[in-house]
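1. Here's a sequence, model it:
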Amino acid sequence: MSESKTDVLILGAGVIGLSCAWYLLGRGRRVTVLDRGRVGGGASHGNCGTLTPSHAAPLAMPGMIGEALRMMWRKDAPFHVAPRVDLELLGWFLRFARRCNWRDFQAVNEAKAKILTHSRGLIGDLVAAHDLRCDFAANGTLYVFREQQALDDFGWHLDSLRAVGIPVEERSAAEVLALEPGLRDDIVGGVFHPGDAQLRPDRYVAELARLVRAAGGEIVEDCAVEDFSTAGAKVDAVATSRGRYHADEVVFALGAWSPTVAKRLDLRIPLQPGKGYSITYERPARAPRIPLVLKEDSVCVTAWADGYRLGSTMEFAGYDTSLNRLRLDALRRGAARYLHEPEGPRVLEEWYGWRPMTWDDLPILGRSGRWDNLTLATGHGMLGVSMSLASGQLVAETVGGAATTLDAAPYSPQRFHL
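-> Numbers count the residues shown, from 1 in each chain. Okay, here's the model as predicted:
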């Protein structure tokens, strides 16, 4: 079996692993990135591609548990838990439930707002500086409502964003329809987020991989991690399907697969795979001008120059590999309630991917307390693309022993004793 040596070995070539690689290369490190499949083949591939400081609010908030229980038995609900005996999932939900209070909500809202806002700026700058071909557009996102009560009840969202300095604007029905004429006339109003942006995630990740290679980084695909060798308090080698890799530093950026692989290092990463779905079409004639969130049905809609995507949903079904037709149909039905032309002329792809969900809804970024040369970069939930460059910057600063641009404490692995 072959043996390789590098300075920094990154496990995972999704948007987080590649972002870490980009910033480490910029600090003069020699970097190799390994992936069990292809570049960006996991959750980085089929999401809706929005960059959303507007999503700072955590999932855990007062009332969320009751809402989740009401939806649990609906297989096509936006939030679904597949009934099964799973003690790790039960423990995750019990910890999540304890976070459903306003004190924890406010703390997480502030921490997420900081990393999302910083990352949004970094991504815009990177796209402009390197002319990345990824359909980037800084045109905001629009939340759309069909029911007045739902819009009235959404006041907490405006308050939570304004509390952390993120701009948000209420829009009347007439203003919403003027902004987005592809919507049906029974819209009652909306909420606009001018600081958000969009890109095509698969193309962005491909462009990021191009930058990493051009800067001297090595990316090895179809290279599955199989085991680890340790020496004292260090990870000495990583055994893979393509040989053994030795490195001075190891960065763990395996997304939803992090818990299964980390067990081999005696780490219990408290993540659950949250399964999301999307349908990608050829662009319809009346495609939306800006990304939409169709609130009552929890459907996200994004259009690009040559494509169109419906996405969202959250399904806790473990690592189930089936494509749940009920959930895809729910995306279609939801879009049809809001849009004149809810689908494109031809389906290009039906997709699912697992999001790495922590129970406190914050990423895990920083040094392991168990292994001296291991840095964790995982747990980004539904916002991996949005948080990607800020996460990569923080990891590179941490590995280099430098002061971090952002306060790293809220994202520390030590909150989970890792």
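2. wait, isn't Arg203 in contact with Arg133?
-> Yes: Arg203 lies in contact with Arg133 (C-beta atoms under 8 Å); the separation is 6.4 Å. For every residue, glycine as well, the C-beta is placed using N, CA and C.
3. what lines up beside the helix or strand containing Lys275 in the sheet?
-> Using DSSP states H and E, Lys275 falls within strand 271-281. For strand 271-281, the paired strands and their directions (DSSP bridges) are strand 307-316 (antiparallel), strand 347-358 (antiparallel).
4. Moving C-terminal from the first one, which element do we reach first?
-> Which is strand 307-316. Of the helices and strands lying after strand 307-316 in sequence (DSSP H and E), the nearest is helix 325-336.
5. Tell me which of Arg203 and Arg133 has more neighbours.
-> Arg203 (18 against 13; other C-beta atoms under 10 Å).
6. residues in contact with that one?
-> 133-135 (C-beta atoms under 8 Å, 6 or more residues apart in numbering).
7. out of the residues you listed, who's nearest Gly353?
-> Cys134 (18.1 Å; C-beta to C-beta).
8. show me the contacts for that closest one.
-> Cys134 touches 127, 199-200, 203-204, 206-207, counting by C-beta under 8 Å, 6+ apart.
9. Now, those residues that are in helices?
-> 127, 203-204, 206-207 (DSSP state H).
10. Now compare the residues you listed and name the two farthest from each other.
-> Checking those with C-beta to C-beta, the most distant pair is Val127 and Ala206, at 13.2 Å.
11. Looking at these two, which has the bigger crowd around it?
-> More neighbours surround Val127 than the other of Val127 and Ala206, with 20 against 17 (other C-beta under 10 Å).
12. Touching, that one and Arg200? I think so.
-> No: using C-beta under 8 Å, Val127 makes no contact with Arg200, being 11.4 Å away.
13. Now Gln166. Nearest residue, chain neighbours left out?
-> For the record, residue 166 is Ile, not Gln. Nearest residue to Ile166, sequence neighbours excluded (C-beta to C-beta, 6 or more residues apart in numbering): Pro53, at 5.0 Å.
14. so what pLDDT did the one you found get?
-> You'll see Pro53 listed with a pLDDT of 97.
15. is it true that it touches Ile115?
-> No: using C-beta under 8 Å, Pro53 is not in contact with Ile115; the gap is 9.3 Å.
16. show me the residues around Asn373 that make contact.
-> 234-235, 247-250.
17. Please determine how far Tyr204 is located from Leu374.
-> Per C-beta to C-beta, to the nearest Å, Tyr204 is found 27 Å from Leu374.
18. err, Ser322, not the other one
-> 34 Å.
19. same thing with Ala262?
-> 9 Å.
20. Identify the contacts common to the two.
-> Residues touching both Ala262 and Leu374 (C-beta under 8 Å, 6+ apart): Phe252.
21. what's the nearest residue to Pro259 if we skip its chain neighbours?
-> Nearest residue to Pro259, sequence neighbours excluded (C-beta to C-beta, 6+ apart): Ile269, at 4.6 Å.
22. Check whether the one you found really touches Ser258, as I assumed.
-> Yes: assessed by C-beta under 8 Å, Ile269 is found in contact with Ser258 at 5.0 Å.
23. anything in contact with each of these two?
-> Taking C-beta under 8 Å, 6+ apart as the contact criterion, the residues that touch both Ile269 and Ser258 are 376, 378-379.
24. any idea which of the residues you listed is closest to Leu331?
-> Nearest to Leu331 among these: Gly379, at 25.5 Å, using C-beta to C-beta.
25. Could you measure from the closest one over to Thr260?
-> 14 Å.
26. Those two: which has the busier surroundings?
-> Between Gly379 and Thr260, Gly379 has the larger neighbour count (other C-beta under 10 Å), namely 30 against 14.
27. For that one, list the residues it contacts.
-> 258, 269, 271, 356-358, 362-364.
28. Take those residues and write them to CSV, including pLDDT.
-> Compiled in CSV, those are given as follows (pLDDT from 0 to 100):
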residue, pLDDT
Ser258, 95
Ile269, 96
Leu271, 95
Pro356, 95
Met357, 95
Thr358, 97
Leu362, 98
Pro363, 98
Ile364, 98
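29. would you list those residues in CSV and tack on neighbour count and distance to His157?
-> Shown next, in CSV, are these (neighbours: other C-beta atoms under 10 Å; distance: C-beta to C-beta, whole Å):
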residue, neighbour count, distance to His157
Ser258, 24, 30
Ile269, 22, 30
Leu271, 28, 26
Pro356, 28, 24
Met357, 23, 20
Thr358, 23, 21
Leu362, 21, 19
Pro363, 26, 21
Ile364, 26, 26
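30. closest to Val168 among those residues?
-> Ranked by distance to Val168 (C-beta to C-beta), the contacts of Gly379 are led by Leu362 at 21.3 Å.
31. Can you pull the phi/psi pair for Ala56?
-> The phi/psi pair for Ala56 (degrees, to the nearest 10) reads phi -70, psi -30.
32. Relative to His157, how far out is it?
-> Distance from Ala56 to His157, counting by C-beta to C-beta: 10 Å.
33. Those two: who's more crowded?
-> Comparing Ala56 with His157 by neighbour count (other C-beta under 10 Å), the higher total belongs to Ala56, at 26 against 17.
34. ok, that one - contacts?
-> 109, 112-113, 116, 160-161, 164, 166.
35. ok so, going back, please state the offset of the strand holding Lys275 from the chain centre?
-> Centroid separation between strand 271-281 and its chain, computed with C-alpha atoms, centre = their mean, to the nearest Å, is 10 Å.
36. other SSEs contacting the helix or strand that it is followed by?
-> For strand 271-281, the following helix or strand on the C-terminal side (DSSP H and E) is strand 292-294. With contacts defined as 3 or more C-beta pairs under 8 Å, 6 or more residues apart in numbering; DSSP states H and E, the packing partners of strand 292-294 are strand 141-145, strand 299-304.
37. go again using 6 Å as the cut-off
-> In terms of contacts (3 or more C-beta pairs under 6 Å, 6 or more residues apart in numbering; DSSP states H and E), strand 292-294 is packed against strand 141-145.
38. which residues are contacting the strand it packs on?
-> Here strand 141-145 makes contact (C-beta atoms under 6 Å, 6 or more residues apart in numbering) with 50, 151, 187-193, 196, 290-295, 338.
39. hmm, try it at 7 Å
-> By C-beta atoms under 7 Å, 6 or more residues apart in numbering, the residues outside strand 141-145 that reach it are 50, 52, 54, 151, 176, 179-180, 183, 187-193, 196, 290-296, 338.
40. now do stretch 104-122
-> Residues outside stretch 104-122 that contact it (C-beta under 7 Å, 6+ apart): 51-53, 55-58, 60-61, 160, 164, 166, 195, 197, 360-362, 383, 386-390, 393, 406, 410.
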